[in-house]
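Chemist: Output the structure for:
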Amino acid sequence: MSGRNGSNERRPFSSPRTKGQIPENLVKARQRVRDSSQECKVAPVIPLERQRERGSPKREREEAPQQVQLETRERRRPDFNNAAFYLTGVVTILVLFGVIMIYSSSSNLGFLKYNSSLYFVKRQLIAAGIGFALMLGLARRDYHKLVRLSHLFCIVGGALLIMVFIPSLGVTAYGSRRFIRLGIQPSELAKIALVLYAAYHLTRKGAKVEELRDLIVPTALVTLIYVALILKEPDMGTAAIISATVLAMMVAAGGRWKHILSISLIAVMGAICFALFSPYRLQRVTSLLNPWADAQGSGFHLVQSFLALGSGKIYGLGLGMSRQKFMYLPNAHNDFIFSIIGEELGFIGTMFVVIAFMTFIVVGIKIARRAPDNLGRVLALGITFLIGAQAFVNMGAVTGILPVTGVTLPFVSYGGSSLVIFMASVGILVNVAIKGKVVTKRIPSRREIDARGDMRRRDRGASAPPSRVGRRAGIA
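Modeler: Numbers count the residues shown, from 1 in each chain. Below you'll find the predicted structure:
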C-alpha cells in the first residue's frame, strides 16, 4: 500500500500507527519481554531454507543425541553424607531418649542410695559428652590408619580383661567380676578392639580367607582367647555377641560357608556344654521356659519384666509413673530399661525404640554395601552387627525370648563404658560413610531439554495414522 507521497515504503513494525507517545504500560511490557528473552537466551528462529539445507528430520534426530551428549554435565551428589547424617541423628535421638528414661527409672534409687535423684543422670551425661567428642573425632580420622592400631587395642583389651581377676583391681557385683575400680568395663573395649582386629586380618589375607587355616589363624584364635576371658567373669551374653559378630565378619570377608558353619557348630556345642555344666546358667535357661514356677527365685527378673510390659498396654502409664522401678524390678535403669519404657510409654514407646534400631541397621548395611574397599565393608558390617545383635539380645531377654544375660541396651541403658565405646564405634562407621562411593547424578542441559521438546512436538505434528478398514477416516 502506498503512502501519502506515493512511495511504496512500508511502515516499520515497531513504529506507532497513531500520533502521540506510546502508552507507558506498553513500554514496560516490551521491556519485560526483552529482559525475559535475554535471560532465557532464546535461540534464533532458523529460516525454512536453512532448515532444508541441514537435511531431513530423520537426520536431525540422529545428530541430536551427539550434540546433547557433548553438553551434558554431571553433578556429584554426596549420597553418603545423607547416610552419615541419618546415622548420627538416630544415635543422638537414642542417647537423649536414654538420658530421659534413665532419670525416670533411677531418680528414686539415686535419692535413696546417693542422696541425689540426678546421680545417674549426671554420670550418663558426662559419658555422653565424652562419647560425642570421640564420635566426631573418629569420624574425621581415616579408618585405614585406625585399623593399623588394632594390635595395640587388642593387647590393651586383653590386659584389662586380665586385670578384672586381680583382687585389688577387680570389682565383684551380682556374682561376677566385670569391672575394675576405675569404673571401666573391659569387655566393652574388647568388643570394638576385636572388631578392628578381625577386619584388619580378614581383609589383608584377600583370597586366602577361603582356606580354613587362614580363616582360623589368627582371627579365630584371638577371638577364642577373648571369649574364654569373658566367660571366666562370667558374662555369657557378651561372649555370644562377640562370637556371632566375628562369624558375620568372616562371611562378609568371603569365607567359605562350610568352614564358617563348622566353626559355628563347634561354638554352639561349646556354649551348650558350658551351660549344662554350670547350674546357675542351666537354671536361667529352664526359668525361661516357665518363669512363674519360681517367681521369687530364678524367674523373678522375668516375671517383674512381664508385669512392667503388661501394665503399660498401648499408651503406657505416663512418663515417670512406673511402679516397677520402686525396688520391684532389679536394674531398672540398666539391663531392664526396656521394660520401664514399655510400662511408662506403652507399646508405642517400645516400637519407637525398635524402629530406631532398625533404621540404624538399615543405614549401617547401606554404608557397608557402598564402602570404598573391602576393609571398609567388613568393618562397617561388623560394627553394625555388633550394635544390632546386642540390642536384639537385650530386648529378647526382657521380653522372654532369650535367657537373661545382663547386657545393656545400646545408647539407652545406663553405663558409661558401653555408651562411650558404642559412640566411638559409630564415629568409625561415619568415617566409612564419608569415604564411601559418591553417587553421580546426570543433569541434562537446556539444549537437550529443548531438543527433546522439539522432537516430541514434531512427532505429534506428523501425519495422522491411516484409518482402519471399514471405518470413517478422521477429518483433517
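Chemist: How are the strands of the stretch 301-450 of the chain distributed by residue range?
Modeler: Using DSSP state E, counting those that start in this stretch, the strands assigned to the stretch 301-450 of the chain run over residues 439-443.
Chemist: Can you tell me how far the nearest residue to Lys205 once chain neighbours are set aside is from Leu194?
Modeler: For Lys205, the nearest residue in space outside its immediate sequence neighbours is Asp214; the separation is 5.1 Å by CB to CB, 6 or more residues apart in numbering. C-beta here means a position set from N, CA and C on the backbone, and glycine is covered the same way. Plainly put, Asp214 is 18 Å away from Leu194 if you go by CB to CB, to the nearest Å.
Chemist: just Gly175 next, same as before
Modeler: Taken as CB to CB, the span from Gly175 to Leu194 is 25 Å.
Chemist: Equivalent analysis for Gln296, please.
Modeler: Here the criterion is CB to CB. By it, Gln296 lies 38 Å from Leu194.
Chemist: of those two, who's got more company?
Modeler: More neighbours surround Leu194 than the other of Gln296 and Leu194, with 28 against 7 (other CB atoms under 10 Å).
Chemist: Surely that one is in contact with Ile242?
Modeler: Yes - look at Leu194 against Ile242 with CB atoms under 8 Å: they come within range, at 6.0 Å.
Chemist: Would you mind listing the residues touching both of those two?
Modeler: Shared contacts of Leu194 and Ile242 (CB atoms under 8 Å, 6 or more residues apart in numbering): 223, 226.
Chemist: The residue nearest to Lys205 against Ala207, yeah?
Modeler: No - the pair Asp214 and Ala207 fails to qualify as a contact (CB under 8 Å) at a distance of 9.4 Å.
Chemist: Which one's more surrounded, those two?
Modeler: The neighbour count for Asp214 versus Ala207, taken as other CB under 10 Å, is higher for Asp214 (19 against 8).
Chemist: The more buried one is in what secondary structure piece?
Modeler: When secondary structure is defined using DSSP states H and E, the element that contains Asp214 is helix 212-215.
Chemist: That helix packs against which elements?
Modeler: For helix 212-215, the packing partners by 3 or more CB pairs under 8 Å, 6 or more residues apart in numbering; DSSP states H and E come out as helix 257-276.
Chemist: now with 10 Å?
Modeler: helix 186-204, helix 257-276 (3 or more CB pairs under 10 Å, 6 or more residues apart in numbering; DSSP states H and E).
Chemist: what comes up buried for the last one?
Modeler: Of all the residues in helix 257-276, those buried under the rule 16 or more other CB atoms under 10 Å are 259-260, 263, 267, 271, 275.
Chemist: And it, how far out from the chain middle?
Modeler: 30 Å (CA atoms, centre = their mean, to the nearest Å).
Chemist: Need the mean per-residue confidence for it.
Modeler: Mean pLDDT, helix 257-276: 88.
Chemist: Over to stretch 102-117?
Modeler: Rounded to a whole number, the mean pLDDT of stretch 102-117 is 92.
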